[in-house]
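> Mind folding the following:
(one chain, ligands or ions: 2)
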Amino acid sequence: MSGCHETVVHFHPGGQLVALVGNPNCGKTALFNLLTGSRQKVANYAGVTVERKEGVFRTAAGKTLRVLDLPGAYSLHPRSPDERVTVDVLYGRAKGERRPDVVVCVVDATNLRRNLRLVLAVQRLGLPCIVALNMADMAARRGIPVDAEALSRELGVPVVPTVGIKTDGDRALRALLEDKTLWRAPQPAHDKLHLDGDHHTVQAILERLDLDKAMPETASDRIDRVVLHPVAGPAILALLLFLVFQAVFAWAEAPMGWIEAATAAVGQTVGGALPEGVLRSFVVDGLIAGLGGVVVFLPQILILFFFILLLEESGYLPRAAFLLDRLMGGVGLSGRSFIPLLSSFACAIPGIMATRTIADPRDRIVTILLAPMMTCSARLPVYALLIAAFIPSRQVAGGLELQGVVLFALYMAGIFGAFAVAWVLKRFGSGKRQVRTLMMELPAYHWPTVRSVALGLWQRATIFLRRVGGVILVLTVVLWALSSFPAPPEGATQPAIEYSLAGRIGQALAVVFEPIGFNWQISIALVPAMGAREVAVAALATVYAVGDAGDEAGSALAPLLAQDWSMATALALMAWFVFAPQCLSTLATIKRETGGWKWPLVTAGYLFALAYVAAFATYHVALAFGL
Ligand SMILES: Nc1nc2c(ncn2[C@@H]2O[C@H](COP(=O)(O)OP(=O)(O)OP(=O)(O)O)[C@@H](O)[C@H]2O)c(=O)[nH]1
Ligand SMILES: [Mg+2]
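Ligands and ions are numbered 1, 2, ... in the order given. Got it, this is the predicted structure:
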């Protein structure tokens, strides 16, 4: 395509379009999932959805409607990139999307004062509009008597109660969408007053519905008195995080043992059945050693996500953001950056996308730059492998498991690294910035349902196994081939792998990596690990399995490494992985979100530099201590 003139072709797919619009965290995505059978992410904090997502709703009469889930918005004057997505759709400005035929205004029945203002603004657009009075269960439990019919008379549009977390909680909404009279031409735009006027209109409605009284104190308020307490709050947060890391090691031990045993058994059976040769090496050293080496970390990843899901669903996350706002303010970050950074513990990609909720462009860029330093779940296999090989499993001070302590320290290293960079950017960055207080909503706490946690874990397991069967498999096979060919010349004295292509490349790279303590096997493993960090584990497993021709098939990698590397090397490699931006998809996401090559290049450059310096320092300090 030529870039000369800006002709934007708007492609509007057919089918009548329903858009779900509402304040953040009112349950739009929960309803969207019920209506369309999708499984988009639902969690108890504002700003979960940052892109528009489409699904299909089939009416009883067999008609299909296209349904859009949209990011939450407080008003139709967008302040952050995610709100802009919603407002663009409502005005028909979204690229490749037509203007909705019907808007479902989702409102949180326990917070009508704020939610109704957006409804009034949407009504003024003149689009056919209906109201889903969501969280009807919560309102009933709290004794807030919202009368849907009375509200419908006040607003002049249909109002139906819904419960986003109950199967069939969308029944009334479905019935309404079936109603043909809904799909008439747009209503005339209301001529109500704007802004301040809306405030009074809402107040008048609430008074007439007898809903303007002071709310009784809720259970959430009582919990918050402890959780947000200036002393108890941070202590609880620290304890919680610490428990998570202990659990990741303690609980995973047994299931990891099973997977290891199974891998070894498969390796031996298959290895025994195949004749000595290339095919056997491919299956045993390439596939089984490589992939088995990664799959073994599934239990740890699931345990980590189990806790992340609990924190997300319970409503604790915004509290943690609130507690850390002061601390983050000290290094020039706002509490707004907390949730994007925390999401990056799963994976930097959703974390970087979540920065769309940050209104200030400079804050957003800084958060994007820091997100890859948070320890994503792809690093877990690498850390866990090195810890299992080099850190003895024993109790230290007060019954803490040393391996868990080291893992915690690695996570902390990423966080402190990010804070240090943020501080430098604040100190030497351009211009003075005013400090703003964090305005963040604290949603009501609720118990995560077993169903939603189970579903979340299932999704994580599938994502991980798909990675193993996809990118990790491909890269491992490529590495196996490079390590196996060409075969060594006649009368070769060194192990065969040293004559292979991988061996040669590794030895060439080792010149760069030698000062930080990496041998050629590590150097070669780092190359395919640019595609996905876990590949480092599969690659090491393959390189050592191929290189270790005489050894029993399917033997565990950790003891091999423990024999071959010094402690200093292992620690340096851990330090490298804290910082190294070993993930092309993250860099691609940064390019997409910032719209250019500048920021992904800056990110890659400074993180590789940091990684090298950190590994160098770690290696030499460790050597000095005689490790
Ligand atoms: N009790 C109750 N909880 C609900 C209901 N609907 C949704 N929730 C919960 O409310 C929280 C927010 O739901 P989401 O669907 O993620 O909200 P959203 O409006 O899509 O939020 P954003 O994408 O951040 O704008 C989640 O914890 C849901 O489980 C409901 O009707 N009753
Ligand atoms: Mg959502």
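
> how distant is stretch 327-337 from the center of its chain?
Taking CA atoms, centre = their mean, to the nearest Å, one finds the center of stretch 327-337 at 20 Å from the center of the full chain.

> Any idea how many residues pack against residue 326?
12 (other CB atoms under 10 Å). For every residue, glycine as well, the C-beta is placed using N, CA and C.

> got it, and residue 451?
Residue 451, neighbours per other CB under 10 Å, totals 10.

> got it, and residue 332?
Neighbours around residue 332, by other CB under 10 Å: 20.

> Tell me if it really is in a strand.
No - applying DSSP: H, G, I helix; E, B strand; the rest coil, one finds residue 332 to be coil, outside a strand.

> Please name the nearest non-neighbouring residue to it.
residue 426 (2.9 Å; CB to CB, 6 or more residues apart in numbering).

> cool, and residue 443?
Using CB to CB, 6+ apart, the nearest residue to residue 443 is residue 315, at 4.7 Å.

> tell me, how many neighbours does the residue in the stretch 251-400 of the chain that ligand 1 sits nearest to end up with?
Closest to ligand 1 within the stretch 251-400 of the chain is residue 313: 5.4 Å, counting by CB to the nearest ligand atom. Neighbourhood size, residue 313 [other CB under 10 Å]: 22.

> Run through the residues of the protein sitting next to ligand 2.
Contact residues (CB under 5 Å from the ion) of the chain with ligand 2: 28-29, 48-49.

> could the residues you listed be laid out in CSV, adding secondary structure, distance to residue 531 and pLDDT?
Formatted as CSV, those follow (DSSP: H, G, I helix; E, B strand; the rest coil; distance: CB to CB, whole Å; pLDDT from 0 to 100):
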residue, secondary structure, distance to residue 531, pLDDT
28, helix, 35, 97
29, helix, 31, 97
48, coil, 28, 92
49, coil, 28, 93
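
> hmm, back to that, what are the neighbouring residues in contact with the residue nearest to residue 443?
By CB atoms under 8 Å, 6 or more residues apart in numbering, the contact set of residue 315 is 44-45, 220, 442-446.

> same check, this time on residue 408
241-242, 245.

> Tell me which of these fall in strands.
Within the contacts of residue 408, no residue falls in strands by DSSP state E.

> and of these, the nearest to residue 323?
Nearest to residue 323, judged by CB to CB, of the contacts of residue 408 is residue 241 at 11.6 Å.

> distance of the closest residue to the closest one other than its chain neighbours from ligand 2?
Of all residues beyond its chain neighbours, the one nearest residue 241 is residue 408 (7.9 Å), with distances taken as CB to CB, 6+ apart. Taking CB to the ion, to the nearest Å as the measure, residue 408 and ligand 2 are separated by 32 Å.

> name the element residue 408 belongs to?
Using DSSP states H and E, residue 408 sits within helix 402-428.

> Equivalent analysis for residue 127, please.
Secondary structure from DSSP H and E places residue 127 outside every helix and strand.

> contacting residues for residue 248?
300, 303-304, 380, 404, 407.

> As CSV, the residues you listed with distance to ligand 1, pLDDT and neighbour count would be great.
Below are these laid out as CSV (distance: CB to the nearest ligand atom, whole Å; pLDDT from 0 to 100; neighbours: other CB atoms under 10 Å):
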residue, distance to ligand 1, pLDDT, neighbour count
300, 26, 85, 23
303, 21, 90, 21
304, 20, 87, 21
380, 26, 88, 23
404, 29, 81, 22
407, 29, 87, 24
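
> Among those, which one sits closest to residue 334?
Among the contacts of residue 248, and counting by CB to CB, the member closest to residue 334 is residue 304, at 26.1 Å.

> how about residue 376, what does it touch?
Applying CB under 8 Å, 6+ apart to residue 376 gives the contacts 344-348, 533, 583.

> before we move on, the earlier item: any idea how many residues pack against the residue nearest to residue 332?
Residue 426 sits with 15 neighbouring residues when counted by other CB under 10 Å.

> what's the answer for residue 446, then?
Residue 446: 15 neighbours (other CB under 10 Å).

> and it, backbone torsions?
Here is the backbone geometry of residue 446 (degrees, to the nearest 10): phi -150, psi 160.
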